[in-house]
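Asks: here is the input, now give the coordinates:
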Amino acid sequence: MRTFLAFLLALVALPAAAQAEGVPASCPGDPIAVDQVITGEFDRAQQGSYVMVPFDVPAGATSVRVKYCYDQPGAPSTPQQRHTLDLGLYDPPSGSLPTWDLPDFRGWGGSSHPDVTITPQGFSSEEEYRARPRGHVPGRTTRGFKPGPIPEGRWAAELGVAAVVDQANGDADGKVAWRIEIERSSNPAFAAQPYAPADYDERPAKGAGWYSGDLHVHGEHSALGDATMTEVFDYAFGPARLDFVTLTDYVTDSAWGEIGRHQPRYRGRLIARSSEQITYRGHWMNQASAERAEYRTGPILERAGDGSLRQLRDAQPPSRFFPVVRTAGGWTQVNHPTIFPSDQPGNALLCRGCPWDYSDQETNWRLVDAFEVNTGPAAFGGTAPNPFTRTAITEWDSLRKRNYPLTGVSVSDSHDAGQPDGPTESPIGNGRTVVYADELSEDGVRRAVQAGHAYVKNFADSPDLRFTAKAGGRVAIMGDALPGRAAALAADVTGATGKGWTLSLLRDGKVIDSNPVDARRVLYRPGGMPRGEYRLQLERDGVVHSLTNPIAVGDRPRLIPEGIRAGGRAATLRLRILRVRRRGTRVEVTALVRSNGGAALGGVRVRSGRASDVTDSRGRATLRLTRVFEPGRFRATATGSEWRSARATFRVR
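Replies: Next comes the predicted model:
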């Protein structure tokens, strides 16, 4: 949603130097002591790729400053026909790969950071940022980028080729011409106060309970001009009355080292570390892994001094990067999947990568945990329904019918805390996701989302829902599965004041019952509803306000991955479930455990509750276990001579 507004503002604020076609004579903004200029151009063949433009940094440097700018079509066929290049920075390659990789990442600013500085020192104060959010502060690192030592060697400015307007749409030569200006400094004052990130407090903020949060919130480390972290958290835990937020700045992890400075002011609240991975065919979330994730799904190219390009890496599907997040203990989320569909004329340049355009094969939905069924305002002006909420819900229902158990979540995608800038933006908490978590922590919220123990509220004052199913003496909540042929369902609605509310019961995505809300509790067929996935949806005047995640009746046991944790430098324990089948009220799990690189396992223990299965696998790299347990949470641990220990956890219900 913000993309459309940002586009309109950019048309008004576009610097004159960037309007004319051809390489700009200079880049606008604060003055820079230029010691190197690199220019070039890209055509449509490079669209969707990431071009690494190398430059050298000498020994003893204390600051690297990069400005960039590019031209625009002289006669666009429509206002949204604009070139767009994104900027990232990488320091010298540290690994064996023939390219700049994630360990070398120093930050990403998209197209909102035309002037970037990296020094050993940290960021300017919030007061300085508020006064001049896009201004250059000598000796301070630009938000969105990583402070730290300035190593000698071959750095790279990464130009993400987001959009190139062709001749048919108004560009004279069908190319985008660009300019990079570089300043390297050895001023000792720029390294006088080396940056020290604050420790992140991983202790749970509270115990088990229902908690309300926003799983998609931006701050000052996303687009320059966004709300400060103080403004974000003050509003989230003040007027918005949330229990948690995930700080999801664009691509970068530069804000994670700052969260610990804020946590003491918000006791009993959770600020989770996350980032939104911006790709040119869809956005997805790296939630709470505390590890950087790859965002470059397009080809990676290197530009030589003569302007020629050579390919360093082929395009990669996002499914290749999802497991990295899970392995690090995080979870994945697909963002605003159906907004501004790319098959409609003009949308591809208007909102680059906003809808999810990857195929099922490229995505591998089994590696995705959550799906945004609402992003931003569910209604414009409070009454006109947002059409993209309906299309997202329809797509989510379709994916679940195809046996992809994605958890539906609602988010604000806020950039301005409690001061949304126009009708297409939402304040934090509109929408929100309410989860039942065993503890209020990053891991607790992850477990709740992966289990589907959640419902959504598209407005801060949307009514609350509770949804349960009962069969054979067992009670299930949202996200659970009950064995058997039928179950009794019960819905509780609170906060539906006034008239006009309609509560619908859906089975497998289709409405099977719909009635006005005239009582707090609604019972559905105490004698038992037949097999299927059931969920609730609450509407008023055609606007979806609240909905639950489904309860499965008569479903087979479902595996919920809980991540893999490694205890040694190169430790990896790969756990694959070969079979899960129900035996009465219990489940039989057959698991295959492999150590990394074929190294021998020292011993493996699989445990659920008090039951445990220990196998001595000394001298073997692969182990197959079959064990019958009560449904619940499982943990596998392994030890070996080449590394200390590793464990994998999963849940069967």
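
Asks: which residue packs closest to residue 402, ignoring adjacent ones?
Replies: residue 365 (7.9 Å; C-beta to C-beta, 6 or more residues apart in numbering). In this view, the C-beta of every residue, glycine as well, is placed from N, C-alpha and C.

Asks: what about that neighbour, distance to residue 315?
Replies: Distance, residue 365 to residue 315, by C-beta to C-beta, to the nearest Å: 19 Å.

Asks: who has more neighbours, the two?
Replies: Neighbours per residue, other C-beta atoms under 10 Å: of residue 365 and residue 315, the larger number sits with residue 365, 18 against 14.

Asks: distance check, the more buried one against residue 397.
Replies: Distance, residue 365 to residue 397, by C-beta to C-beta: 13 Å.

Asks: what of residue 104?
Replies: With C-beta to C-beta as the criterion, residue 104 and residue 397 are 42 Å apart.

Asks: with residue 311 instead?
Replies: From residue 311 to residue 397 the distance is 40 Å (C-beta to C-beta).

Asks: in contact with the residue nearest to residue 402, which residues?
Replies: 399, 402, 404, 406 (C-beta atoms under 8 Å, 6 or more residues apart in numbering).

Asks: ok, and the most crowded of those residues?
Replies: residue 406 (23 neighbours).

Asks: right, and it touches residue 369 too?
Replies: Yes. Residue 406 lies in contact with residue 369 (C-beta atoms under 8 Å); the separation is 7.1 Å.

Asks: spit out the residues that contact those two alike.
Replies: In contact with both residue 406 and residue 369: no residue, using C-beta under 8 Å, 6+ apart.

Asks: would residue 389 count as being in a helix?
Replies: Yes. According to DSSP: H, G, I helix; E, B strand; the rest coil, residue 389 belongs to a helix.

Asks: ok, it - how many residues close by?
Replies: Residue 389: 24 neighbours (other C-beta under 10 Å).

Asks: beta partners of residue 63?
Replies: residue 185 (DSSP bridges).

Asks: how many neighbours does it have?
Replies: 23.

Asks: and what of the one 4 residues further on?
Replies: By other C-beta under 10 Å, the residues close to residue 67 number 25.

Asks: quick one: the residue nearest the centre of the chain from residue 411, how far?
Replies: With distances taken as C-alpha atoms, centre = their mean, the residue of the chain nearest its centroid is residue 285 (1.3 Å). Distance of residue 285 to residue 411, given as C-beta to C-beta: 9 Å.

Asks: any stretches of this protein with poor pLDDT?
Replies: 1-19, 95-98, 346, 348-350, 526, 555-653 (pLDDT under 70).

Asks: secondary structure element for the residue lying farthest from the centre of it?
Replies: Within the chain, the residue lying farthest from the chain centre (C-alpha atoms, centre = their mean) is residue 527, at 42.0 Å. Using DSSP states H and E, residue 527 falls within strand 521-530.

Asks: do residue 160 as well
Replies: Short version, using DSSP H and E: residue 160 is in strand 153-163.

Asks: just the strands in the stretch 301-450 of the chain please.
Replies: 309-313, 331-334, 370-375, 379-380, 384-385, 407-411, 432-437 (DSSP state E, counting those that start in this stretch).

Asks: switch these over to TSV; also include distance to residue 25 and mean neighbour count.
Replies: Below are these laid out as TSV (distance: least, C-beta to C-beta, whole Å; neighbours: other C-beta atoms under 10 Å):
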stretch	distance to residue 25	mean neighbour count
strand 309-313	24	14
strand 331-334	42	27
strand 370-375	40	28
strand 379-380	42	18
strand 384-385	46	14
strand 407-411	42	30
strand 432-437	48	26
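
Asks: go through those strands and name the closest to residue 423.
Replies: strand 379-380 (5.2 Å; C-beta to C-beta).

Asks: so which residues make contact with that closest one?
Replies: Under C-beta under 8 Å, 6+ apart, the answer for strand 379-380 is 385, 386, 423, 424, 543.

Asks: returning to what we had before: state the distance from the residue nearest to residue 402 to residue 318.
Replies: 11 Å.

Asks: could you do residue 398 as well?
Replies: From residue 398 over to residue 318 the distance is 19 Å, taken as C-beta to C-beta.

Asks: which one of these two has more residues nearby?
Replies: Using other C-beta under 10 Å, the more surrounded residue of residue 398 and residue 318 is residue 318, with 24 against 11.

Asks: that one is in contact with residue 282, isn't it?
Replies: Yes. At 7.1 Å, residue 318 counts as touching residue 282 under the criterion of C-beta under 8 Å.

Asks: shared neighbours of these two, anything?
Replies: Shared contacts of residue 318 and residue 282, counting by C-beta under 8 Å, 6+ apart, come down to residue 358.

Asks: element containing residue 232, please.
Replies: If you go by DSSP H and E, residue 232 is part of helix 229-236.

Asks: okay, the angle between that helix and strand 432-437?
Replies: Counting by axes from the mean of the first three to the mean of the last three C-alpha atoms, to 10 degrees, helix 229-236 lies at 80 degrees to strand 432-437.

Asks: contacts for helix 229-236?
Replies: Identification of contacts with helix 229-236 by C-beta under 8 Å, 6+ apart yields 126, 214, 217, 219-220, 227, 242, 245, 247, 255, 258-259, 262, 265-266, 269, 271, 414, 417-418, 427-429.

Asks: which of those residues fall within strands?
Replies: Counting by DSSP state E, these place 214, 217, 245, 247, 271 in strands.

Asks: tell me which residues touch the last one, please.
Replies: When contacts are counted by C-beta under 8 Å, 6+ apart, residue 271 touches 233, 244, 245, 247, 259, 262, 263.

Asks: which one (most neighbours) among these?
Replies: Ranked by neighbours (other C-beta under 10 Å), those are led by residue 245, which has 30 neighbours.

Asks: sorry, back to before: buried subset of the contacts of helix 229-236?
Replies: Those of those that meet the buried threshold are 214, 217, 219-220, 227, 242, 245, 247, 255, 258-259, 262, 266, 269, 271, 414, 417-418, 427-429, by 16 or more other C-beta atoms under 10 Å.

Asks: what do residue 285 and residue 411 both touch?
Replies: 215, 216, 335.

Asks: circling back: list the neighbouring strands of the strand holding residue 160 plus their orientation.
Replies: strand 50-57 (antiparallel), strand 84-90 (antiparallel).

Asks: okay, now the domains of the chain?
Replies: 2-191, 210-294+316-462, 463-520+529-555, 559-652 (automatic domain parsing).

Asks: looking at the ones you listed, which is buried most?
Replies: Stretch with highest mean neighbour count among those: domain 210-294+316-462 (a mean of 22; mean count of other C-beta atoms under 10 Å).

Asks: how about the domains of the chain, which one is nearest residue 303?
Replies: Nearest of these (C-beta to C-beta): domain 2-191, 5.0 Å.

Asks: please state the offset of stretch 444-451 from the chain centre?
Replies: In terms of C-alpha atoms, centre = their mean, to the nearest Å, the centre of stretch 444-451 is found 15 Å from the chain centre.

Asks: residues contacting that stretch, please?
Replies: 204, 211, 213, 215, 244, 246, 270, 272, 287-288, 329-331, 369-370, 407, 409, 433, 435-438, 454, 479-480, 560-563, 651, 653.

Asks: can you classify residue 210 by secondary structure?
Replies: Assignment for residue 210 (three-state DSSP): strand.
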